[in-house]
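[1] Just the structure for this:
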Amino acid sequence: MKDMLVVGKIKEGGFEKFMGFMQSEEGIAERRKVADLTKTLATVSPDKSAVMFKISVHDEVALKSFMDGSNPVSKPIWDEVMMSYEIFELSQV
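    The predicted model follows:
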């Protein structure tokens, strides 16, 4: 497992749809393929234009697919709500 930070910028008005997907059975199933959900920490900006997730990743390829739009399950939602994202690898100091 590798700790990673994902920061996503959400299109105006897209937060509710984004969260609806992330909390849906379909979204949860895809997220389980990427990371240990019990170790996920999440936050959202006050204006709901950005989200940040600290995740314990067990499949980096699946994470990149989930975020870049090549995953057929997340792609329709991402096309509609996601402006951009960044992925950072975390290391303990």
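[2] Report the mean confidence score over stretch 15-23.
    Stretch 15-23 shows a mean pLDDT of 94.
[3] quick one: buried residues of stretch 50-60?
    50-51, 53-57 (16 or more other Cβ atoms under 10 Å). From N, CA and C alone the C-beta is placed, and that goes for glycine too.
[4] so how far is Met1 from Asp79?
    In this structure, Asp79 and Met1 are 29 Å apart, going by Cβ to Cβ, to the nearest Å.
[5] now the strands: where do they sit in the protein?
    Ranges of strands in the chain, per DSSP state E, are 2-10, 41-44, 50-57, 82-89.
[6] got those strands as TSV, with distance to Arg31 columns?
    Converted to TSV, these look like this (distance: least, Cβ to Cβ, whole Å):
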stretch	distance to Arg31
strand 2-10	11
strand 41-44	11
strand 50-57	8
strand 82-89	14
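[7] wait, which of those is closest to Val34?
    strand 50-57 (6.2 Å; Cβ to Cβ).
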